[in-house]
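Colleague: Provided below are the primary sequence and the corresponding predicted coordinates.
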Amino acid sequence: MLKPQNSPTRELVNLDGLYAFRVDHEGSGHAEKWFAERLSTELEMGVPGSYNDVFTEPEIRDHVGWVWYQREIRIPRGWNGQRVNLRLDSATHEGNVYVNDTLVVSHVGGYMPFGADITDLVTAGETFRLTIAVNNTLTQATIPPGKVEAGANGRDKQTYLHDFYNYSGLHRSLWLYSTPETTLDDVTIVTDFAGTAGTVDYTLELAGATGTEEVRLTVLDADDNEVAAGTGTSGRLDIPNVTLWKPGAGYLYRLLVEIHRAGELVDSYTENFGVRTVAVDGNRFLINGEPFKFTGFGMHEDHITIGKAHNNTLMVADFNLLAWTGANSFRTSHYPYAEEVMDYADRHGLVVINETAAVGLNNMFGAVFGGGPTPTYAEGAVDAATAANHRQAIEELIRRDKNRPSVAIWSIANEPNAQEEGARAYFEPLATLARELDPTRPIGYVNVMFDTPDKSTIDDLFDVLMLNRYYGWYLQTGDLEAAEQALEAELRAWEAKHGKPMIMTEYGADTMAGNHSMVSAPWSEEYQADFLRMYHRVFDRVESMVGEHVWNFADFQTSVGIMRVDGNKKGVFTRDRKPKAAAFVLRERWSQNAESLERELVQSLRA
Ligand code: BDP
């Protein structure tokens, strides 16, 4: 689904704001048709926002099941004769959307946009009642998976095999938009270059076409100059003297698609793109044919009070901290991020490892989070139902983000069980699917510390090896000498087995900001700094290491447990974005990189 936009033929109305809000404690809202009348409630909730930290009652914070949002919406008067559409940028994790009494769309999966054409149910100039029911339940079939049990207090209790808190609600923007009867439905752009000549292969899908349309394409550069033009629903456009999209210099072109019929413009849509290539060559990761080393973080969409809501100001602040450290990339751990985040990365030349929400497909974590290890790939655990939702997660992510130059790798799962029988049968079709959907980008999955080279059975299915390792934290706690040896030994074993580029997608130590130690004891700022320095020494000795993403950019909220004190404290910044000592270690190591990127940017601007 294309991201809605204003254009000469389309109008866009943002529906963010305050909504009437009701928690469905009894799970009776659908049967009682809460959508059919004004929501009986005094509560209000802001959109976008996670509701969990907004109310004072534990019954709301840890509610498992449905909550309801409602608001009156007026359709602009001028929209007569246009298609009228709704779009939710996400509903975590399941949404039912009603226009007056009618269910117009249901969607499962908490981090993807969805919507509906509501033309037949509304009238231009008049209002309708928009009701959205959102369910945060995670089951063995959902992505990510979880389990619901009866709690001793009579309420349901949600558990899951990932540590970040299950923030819930409408985390991203809602939109009302008009489209013409004949419209651009999808566009796919693949770029390449040879010397100074750039090429743009495009394929369009139209909806409501009569066959008499003429499609015109124009490529505009960043200064609005026309640099290429063509016609037809698929083809190749040539850009002479192309400016490449590069890490640190996110040069964007725009593809303007115009559909004409009988001399009249019926639809107009603009898609941004960058000209660049990504590839794996032996143990190197190449962007535009040049070796690239990832520096940056695994992150979370997580902020005080608003939880997982997208907020543009907080996003810009986070990106400025990233730039300050010299980071050139990040991973959307452990779910797809808001489209505004991806747009920013495209514009500013950040390289993204784009991850699905498939986190916690690993019952070995039962031993860590309580409950004891049970088989992962089994009926009622990770099974055909999980696989179906996992397929959908991959399809939707690639469809949403396929034209983004920032996306360099698709990560189809975080720390799944890769050693148990069943792992290969589960992952082989998913890897094939990702390749079919996007033959242009390397794919990978993120490997957990239990799945050492002697145990893991799925790595050859992927182009890059992404490792999360905690030597010196969960293993050899406090003993960085032993950790250094163990880390190097494992990386060398991987290098021998795999031969492909390796990225450390997580390495980090929990650190209480303000806690200091002469002897560099775990939880102190000194230990976190020494821990990172140790990893960097090892990375610099192992040739196939092409990336380092520290876990985590900032402290983040988690579910309760004996392993966490008010959340995960592996942040290099605190949850309110103050630097720990480790931030300066990274800035020192990566700023060399930042300076060279800056030089490159200045050169490319001069050229
Ligand atoms: C890894 C997970 C990550 C956790 C991290 C940790 O990928 O989500 O937050 O460990 O324990 O297993 O801090």
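Modeller: Cool, got the structure.

Colleague: Verify the contact between residue 551 and residue 297 for me.
Modeller: Yes: Residue 551 lies in contact with residue 297 (CB atoms under 8 Å); the separation is 7.4 Å. Placement of C-beta: from N, CA and C, glycine included.

Colleague: Skipping its backbone neighbours, what lies nearest the residue of the chain found nearest the ligand in space?
Modeller: As assessed by CB to the nearest ligand atom, the ligand sits closest to residue 163 within the chain, at 4.5 Å. Nearest non-adjacent residue to residue 163, counting by CB to CB, 6 or more residues apart in numbering: residue 558, 4.5 Å away.

Colleague: show me what contacts that neighbour?
Modeller: 163-165, 564, 567-568 (CB atoms under 8 Å, 6 or more residues apart in numbering).

Colleague: Show me what it bridges to in the sheet.
Modeller: On the basis of DSSP bridges, residue 558 is bridged to residue 164.

Colleague: Can you tell me how far it is from residue 306?
Modeller: 17 Å (CB to CB, to the nearest Å).

Colleague: Between residue 551 and residue 297, point out the one with more neighbours.
Modeller: The neighbour comparison of residue 551 against residue 297 (other CB atoms under 10 Å) goes to residue 297, with 28 against 23.

Colleague: Next up, the contacts around that one.
Modeller: 322, 327, 330-331, 549-553, 572.

Colleague: quick check, it in a helix?
Modeller: No: judged by DSSP: H, G, I helix; E, B strand; the rest coil, residue 297 forms no part of a helix; its state is strand.

Colleague: so what pLDDT did it get?
Modeller: As predicted, residue 297 sits at a pLDDT of 98.

Colleague: Look up the closest residue to it, ignoring the ones flanking it.
Modeller: Looking at residue 297 with CB to CB, 6+ apart, the closest residue is residue 553, at 3.8 Å.

Colleague: for the one you found, phi and psi?
Modeller: phi -60, psi -50 (degrees, to the nearest 10).

Colleague: Burial check on it, number of neighbours?
Modeller: Neighbours around residue 553, by other CB under 10 Å: 28.

Colleague: That one touches residue 303, doesn't it?
Modeller: No: in this structure, residue 553 is not within contact of residue 303 by CB under 8 Å, at 11.8 Å.

Colleague: Quick check: end-to-end length of stretch 60-74?
Modeller: Between the opening and closing residues of stretch 60-74 lies a distance of 30 Å (CA to CA, to the nearest Å).

Colleague: Over to stretch 227-247?
Modeller: 23 Å.

Colleague: Next, the buried residues of stretch 158-168.
Modeller: 158, 160-168 (16 or more other CB atoms under 10 Å).

Colleague: The ligand contacts on the stretch 201-350 of the chain?
Modeller: Proximity of the stretch 201-350 of the chain to the ligand, by CB under 6 Å from any ligand atom, involves residues residue 334.

Colleague: so where's the stretch 401-550 of the chain uncertain?
Modeller: Across the stretch 401-550 of the chain, nothing is flagged by pLDDT under 70.

Colleague: Please name the residues that touch the residue of the chain most remote from its centre.
Modeller: Ranked by distance from the centre of the chain (CA atoms, centre = their mean), the top residue is residue 262, with 41.7 Å. Residues in contact with residue 262 (CB under 8 Å, 6+ apart) are residue 212.

Colleague: Please apply the same query to residue 509.
Modeller: Shown in contact with residue 509 (CB under 8 Å, 6+ apart): 472-473, 522-523, 527-528, 531, 570.

Colleague: Also residue 511?
Modeller: Residue 511 neighbours (CB under 8 Å, 6+ apart): 523-525, 527-528, 569-571, 580, 582.

Colleague: again with residue 525
Modeller: By CB under 8 Å, 6+ apart, the neighbours of residue 525 are 511, 513-516, 580-582.

Colleague: where in this structure is pLDDT low?
Modeller: Ranges of the chain meeting pLDDT under 70: 366-372, 593-607.

Colleague: that older thread, among the contacts of residue 297, which are in strands?
Modeller: Of the positions in the contacts of residue 297, 330-331, 549-551 sit in strands, assigned by DSSP state E.

Colleague: can you put the contacts of residue 511 in a markdown table and add secondary structure and distance to the ligand?
Modeller: Shown next, in a markdown table, are the contacts of residue 511 (DSSP: H, G, I helix; E, B strand; the rest coil; distance: CB to the nearest ligand atom, whole Å):
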| residue | secondary structure | distance to the ligand |
| --- | --- | --- |
| 523 | strand | 13 |
| 524 | coil | 17 |
| 525 | helix | 17 |
| 527 | helix | 15 |
| 528 | helix | 12 |
| 569 | coil | 9 |
| 570 | coil | 5 |
| 571 | coil | 10 |
| 580 | coil | 15 |
| 582 | helix | 14 |
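
Colleague: Among the residues you listed, name the buried ones.
Modeller: Buried among the contacts of residue 511 by 16+ other CB under 10 Å: 524-525, 527-528, 569-571, 580, 582.

Colleague: How about the closest residue in space to residue 548 that isn't next to it in sequence: which residues does it bridge to?
Modeller: Spatially, and ignoring its direct neighbours in sequence, residue 548 is nearest to residue 504 (5.1 Å; CB to CB, 6+ apart). Counting by DSSP bridges, residue 504 is bridged to residue 467, residue 548.

Colleague: gap between residue 504 and residue 446?
Modeller: With CB to CB as the criterion, residue 504 and residue 446 are 10 Å apart.

Colleague: and if you look at residue 312?
Modeller: Residue 312 is 28 Å from residue 446, where distance means CB to CB.

Colleague: In terms of packing, which of those two has more residues around it?
Modeller: Neighbour comparison, residue 312 and residue 446: the larger count goes to residue 446, with 27 against 11 (by other CB under 10 Å).

Colleague: Kindly confirm my reading that the more buried one is in a strand.
Modeller: Yes: Residue 446 forms part of a strand when assessed by three-state DSSP.

Colleague: For it, which residues are in contact?
Modeller: Contacts here follow CB under 8 Å, 6+ apart; on that basis residue 446 touches 331, 333, 355, 411, 413-415, 466-468, 505-506.

Colleague: how about a cut-off of 6 Å?
Modeller: Contact analysis of residue 446 by CB atoms under 6 Å, 6 or more residues apart in numbering lists 411, 414-415, 466, 468, 505.

Colleague: Mark which of the residues you listed are buried, thanks.
Modeller: Counted by 16+ other CB under 10 Å, those give 411, 414-415, 466, 468, 505 as buried.

Colleague: Number of residues surrounding residue 232?
Modeller: 11.

Colleague: same check, this time on residue 86
Modeller: 24.

Colleague: shouldn't it be in contact with residue 116?
Modeller: Yes: taking CB atoms under 6 Å as the definition, residue 86 is a contact partner of residue 116 at 5.4 Å.

Colleague: Filter the contacts of residue 525 down to the ones in strands?
Modeller: Per DSSP E, those never map to strands.

Colleague: Can I get those in JSON lines including distance to residue 43?
Modeller: Formatted as JSON lines, the contacts of residue 525 follow (distance: CB to CB, whole Å):
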{"residue": "511", "distance to residue 43": "37"}
{"residue": "513", "distance to residue 43": "34"}
{"residue": "514", "distance to residue 43": "37"}
{"residue": "515", "distance to residue 43": "39"}
{"residue": "516", "distance to residue 43": "44"}
{"residue": "580", "distance to residue 43": "37"}
{"residue": "581", "distance to residue 43": "42"}
{"residue": "582", "distance to residue 43": "40"}
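
Colleague: In helices, which of those residues appear?
Modeller: Cross-referencing the contacts of residue 525 against helices under DSSP state H gives 581-582.

Colleague: Closest one to residue 220 out of the contacts of residue 525, please.
Modeller: Using CB to CB, residue 582 comes nearest to residue 220 of those, at 42.5 Å.

Colleague: Contacts only, for the closest one.
Modeller: Residue 582 neighbours (CB under 6 Å, 6+ apart): 528-529, 532, 572.

Colleague: of all those, which two lie farthest apart?
Modeller: Between any two of the contacts of residue 582 (CB to CB), the greatest distance is 9.7 Å, for 529 and 572.
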